[in-house]
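J.: okay, sequence plus prediction incoming.
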Amino acid sequence: MEWEFLGQISPPFHSSGNSREPPDVHVSGKEEHGTLILSCHAYGFYPSTITVNWMKGDEIWDQETEWGGIVPNSDGTFHTWARIEARPEEREQYRCRVEHPGMLEPGIFAWEPTSGGNLIVVVAVSIIAAIIIILIVLVGFVVWKRQSGNTRDVGRDPPSTVLGILEGGQEWIQHRS
């Protein structure tokens, strides 16, 4: 089998020498063992020249920052990341600073926790509400049974009930209704 190469594959941002694509920046955070890990990801930028730093207040904290390499994407753009560990109570002091030729000025990005952090509270409240509803229904059933005078049937079936159903006891069903 013979293969013929019909042309050069060229990523879209390499075609013109002056092309600049600014990064799409996402900041995320997660807490592990009492430490907050903040991550700043920059995606889809061209050229590969970029600076990503973590700032605490107005100061750049390079000594505390861990960086990923600048990695090419299949479309000719690049991506990278920077991560820092922080105390959870200082979360609002940290910002990710991104500088790139495709941006008019450096961008400052903060982590905005989503409502997913309240998921535990929502689940706990839902479970408690379900338990309360079940208890109300059970108490209501017991009160209804006592008021109707059939207290001996609450919580158990007399032996004739099970036997009557197993034998297809139509008389028992008619007698009970």
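T.: Done, it's in. Just so it is clear, the structure is predicted and the values come from calculations on it, not from any experiment.
J.: CA atoms of the lengthiest strand in the chain as PDB?
T.: The strand that spans the most residues within the chain, counting by DSSP state E, is strand 35-45. Output in PDB follows, covering the C-alpha atoms of strand 35-45 (Å, rounded to 0.1, in the frame of the first residue of the first chain):
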ATOM      1  CA  THR A  35      -5.600  22.600  53.700                       C
ATOM      2  CA  LEU A  36      -7.200  24.500  50.800                       C
ATOM      3  CA  ILE A  37      -5.600  23.700  47.400                       C
ATOM      4  CA  LEU A  38      -6.300  26.400  44.900                       C
ATOM      5  CA  SER A  39      -5.600  25.700  41.200                       C
ATOM      6  CA  CYS A  40      -5.500  28.200  38.300                       C
ATOM      7  CA  HIS A  41      -5.800  26.700  34.800                       C
ATOM      8  CA  ALA A  42      -5.200  28.700  31.600                       C
ATOM      9  CA  TYR A  43      -6.500  27.100  28.400                       C
ATOM     10  CA  GLY A  44      -6.400  27.700  24.700                       C
ATOM     11  CA  PHE A  45      -3.800  30.500  24.500                       C
END
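J.: now the next helix or strand after that strand: buried residues?
T.: Downstream of strand 35-45, the next assigned helix or strand under DSSP states H and E is strand 51-56. Counting neighbours by 16 or more other C-beta atoms under 10 Å, one finds that the buried residues in strand 51-56 are Val52, Asn53, Trp54, Met55. (Each C-beta comes from the backbone N, C-alpha and C, glycine too.)
J.: any idea how far Ala82 is from the second one?
T.: According to C-beta to C-beta, to the nearest Å, Asn53 stands 7 Å off from Ala82.
J.: what residues are shared contacts of the two?
T.: Taking C-beta atoms under 8 Å, 6 or more residues apart in numbering as the contact rule, Asn53 and Ala82 both touch Thr65, Cys96.
J.: if we can go back for a sec, what's the average pLDDT for the longest strand of the chain?
T.: In this model, strand 35-45 carries a mean pLDDT of 96.
J.: can you check stretch 137-145 too?
T.: Rounded mean pLDDT across stretch 137-145 is 89.
J.: centre of the chain to that stretch, how far?
T.: Chain-centre distance of stretch 137-145: 41 Å, with C-alpha atoms, centre = their mean, to the nearest Å.
J.: in the protein, which spans are strands?
T.: Going by DSSP E, the chain shows strands at 24-32, 35-45, 51-56, 59-60, 65-67, 71-72, 78-86, 94-99, 107-109.
J.: compare these and give me the one nearest Ile136.
T.: strand 24-32 (36.9 Å; C-beta to C-beta).
J.: which residues of the chain score low on pLDDT?
T.: Scanning the chain for pLDDT under 70 picks out 1-18, 115-120, 150-177.
J.: domains of it?
T.: Listed by automatic domain parsing, the domain ranges of the chain are 12-113, 118-176.
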